[in-house]
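A.B. asks: Fold the following for me, if possible:
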Amino acid sequence: MPLPKNFERKLFDLIENTSRNHRSGDFTLALAQALQRDLGGPLELSSTAVFQPDGTRYIRSFSSDEAAWTGLELNLSIRTWQRRLDGNLWWVQRGLRRETEGGPAWYDLLLVPVGPKQQRVLGLLTRSLAGDEGEEREAAFQVLSRLVRLFVDRHQQHQRLREILTLAREQQLSLLQSALPQVPGFEIAGLSIPAEEVGGDYFQVMPIGPTNTAIAIADAKGKGFEAAVLITGVHAALRLISETHYKVTYKMRLLNRSLVQPGEVRNLVTMFYGELDISGRIIYTNCSHPAALVVRAHEVEELTVGGVFLGLAPETEYPLGVCELRSGDLLVAYTDGWSELFNESGEEFGAERLRETVRSLHGSSPRRVIEAIQSACEAFRGAAPYHDDRTLLVARKL
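C.D. replies: Model (predicted):
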């Protein structure tokens, strides 16, 4: 029986779908079942099986038709299998004989290693591959073996990526302060929620003297692992710079130059950086970040003075802004994951809605402000997902 047209494509689709649906399960077992069910006829499979080592031999942990194996003399030696499979895509044990009512029948057993150290081996019992028709099937089995290796490698890469992301998430969480330091003259709270396993948002509260504290909130352009790695570098540079006695504008120039890559623009970061003193004065600069809000008793101001993205150009200057907070005034710094949230109708939450959310909260605790913004965004988005990291840093003048 000749193989149908586009058989290789059918084979690829079957293995791809099996891989996608069993990324965290038993891929070998699922593949053995799928091959017998969907392609057993064209490949003339008598049975598929999964073998695994047990002592000095391989045993069948699964077979699609146990009766098909009756009477076959199989070489199940672990030493033999691993010697012949090591570094190879497959191995064929040929000339297996089974007595049937119509006389002897001849079969070949194809063994395909799945995963490292042959801990799982896919067994394909098929009618003898001798002759021209057998050569066509053998070529198809070669394609199958290569595709299995491709998807096994993808599984391993996916698992390794998961491990890397787990480590990156642990690293990122270690950057975000679980308990914020005491800030003379202020009450302060923060929240950061990545959209993926790891993200590019960041905040920090750093004492820089007995009565002064530096605060920063940042957003690395991009998402996921690359943004998280960038933020790790920002954190290290910012902690180092904050310990100097330089003025705010010079600190930002140093931080910017640490991110600039000659000949390319990759490490773009937005940031709001400010230094608070016990009296309520804030000296700040805004690096292309959403304007921090100052919530007073009867108005909401925006802190917009500053320069462009960190990491864009080495010669960028970062002018200073100054703001005075009185008792009960709030400083609300946020990343655009809140303001650029969309609902099910495609409508954006927007900076104006965020301003209206906090307008009546003068004198409230920072935690209450964070909860109000979260509630407003949840109510607005409905069933629409979050697509970006979301971070808040809120301070109240005592």
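A.B. asks: which residues of the stretch 251-398 of the chain score low on pLDDT?
C.D. replies: Applying pLDDT under 70 to the stretch 251-398 of the chain flags residues 262-266.
A.B. asks: Please, where are all the strands along it?
C.D. replies: With DSSP state E, counting those that start in this stretch as the definition, the stretch 251-398 of the chain shows strands at residue ranges 269-277, 281-287, 292-295, 300-303, 306-307, 321-324, 330-334, 390-397.
A.B. asks: For residue 315, which of the ones you listed is the nearest?
C.D. replies: strand 306-307 (10.4 Å; C-beta to C-beta). (Each C-beta comes from the backbone N, C-alpha and C, glycine too.)
A.B. asks: residues in contact with that closest one?
C.D. replies: Residues from elsewhere that reach strand 306-307, judged by C-beta atoms under 8 Å, 6 or more residues apart in numbering: 252, 272, 284-289, 316-319, 321.
A.B. asks: picking up where we left off before, right, and the strands of the stretch 251-398 of the chain - which one's nearest residue 37?
C.D. replies: Closest of the strands of the stretch 251-398 of the chain to residue 37 is strand 390-397, at 45.0 Å (criterion: C-beta to C-beta).
A.B. asks: what angle separates the closest one from strand 281-287?
C.D. replies: Direction vectors for strand 390-397 and strand 281-287, defined by axes from the mean of the first three to the mean of the last three C-alpha atoms, to 10 degrees, enclose an angle of 160 degrees.
A.B. asks: Report the distance from strand 390-397 to the chain centre.
C.D. replies: Centroid separation between strand 390-397 and its chain, computed with C-alpha atoms, centre = their mean, to the nearest Å, is 26 Å.
A.B. asks: Parallel or antiparallel, list what pairs with it.
C.D. replies: The sheet places strand 390-397 alongside strand 186-193 (antiparallel), strand 330-334 (antiparallel), with pairing taken from DSSP bridges.
A.B. asks: Quick one, which of the ones you listed gets closest to residue 8.
C.D. replies: Between the strands paired with strand 390-397, strand 186-193 lies closest to residue 8; by C-beta to C-beta that is 44.6 Å.
A.B. asks: okay, that closest one in CSV with CA atoms only?
C.D. replies: Written as CSV, here are the backbone C-alpha positions of strand 186-193 (Å, rounded to 0.1, in the frame of the first residue of the first chain):
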residue,chain,number,x,y,z
PHE,A,186,6.3,59.7,54.8
GLU,A,187,4.3,56.5,54.7
ILE,A,188,5.0,54.4,51.6
ALA,A,189,3.8,51.2,49.9
GLY,A,190,4.5,49.5,46.6
LEU,A,191,3.2,46.7,44.4
SER,A,192,4.5,45.0,41.2
ILE,A,193,2.7,42.4,39.2
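A.B. asks: And for that strand, what's in contact with it?
C.D. replies: Judged by C-beta under 8 Å, 6+ apart, the contacts made with strand 186-193 from elsewhere in the structure are 176-177, 180, 199, 201-203, 205, 213, 215, 276, 337, 365-367, 369-370, 374, 386, 389-398.
A.B. asks: Report the rounded mean pLDDT for that strand.
C.D. replies: Throughout strand 186-193, pLDDT has a mean value of 94.
A.B. asks: What average pLDDT does the next helix or strand after that strand get?
C.D. replies: Tracing the chain C-terminally past strand 186-193 and defining elements by DSSP states H and E, one meets strand 201-207 next. In this model, strand 201-207 has a mean pLDDT of 91.
A.B. asks: ok, now stretch 28-35?
C.D. replies: If you average the pLDDT over stretch 28-35, you get 90.
A.B. asks: do the same with stretch 88-102
C.D. replies: Along stretch 88-102, the predicted confidence averages to a pLDDT of 86.
A.B. asks: In space, what's closest to residue 305 - neighbours in sequence excluded?
C.D. replies: With C-beta to C-beta, 6 or more residues apart in numbering as the criterion, residue 305 has its nearest non-adjacent residue at 3.2 Å, and that residue is residue 321.
A.B. asks: do residue 200 as well
C.D. replies: In space, not counting the residues next to it along the chain, residue 200 is nearest to residue 227; the distance is 2.7 Å by C-beta to C-beta, 6+ apart.
A.B. asks: May I have the helix or strand hosting the one you found as CSV, with CA atoms only?
C.D. replies: Secondary-structure element containing residue 227, defined by DSSP H and E: helix 224-242. This file holds the C-alpha atoms of helix 224-242, laid out as CSV (Å, rounded to 0.1, in the frame of the first residue of the first chain):
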residue,chain,number,x,y,z
GLY,A,224,9.6,38.7,29.7
PHE,A,225,13.1,37.4,30.2
GLU,A,226,15.0,40.0,28.3
ALA,A,227,13.3,42.9,30.1
ALA,A,228,13.9,41.2,33.5
VAL,A,229,17.6,40.8,32.7
LEU,A,230,17.8,44.5,31.8
ILE,A,231,16.1,45.5,35.0
THR,A,232,18.6,43.5,37.0
GLY,A,233,21.3,45.6,35.5
VAL,A,234,19.4,48.8,36.2
HIS,A,235,19.0,47.7,39.9
ALA,A,236,22.7,47.1,40.3
ALA,A,237,23.6,50.5,38.7
LEU,A,238,21.0,52.4,40.6
ARG,A,239,22.0,51.0,44.0
LEU,A,240,25.6,52.0,43.3
ILE,A,241,24.7,55.5,42.1
SER,A,242,22.3,56.2,44.9
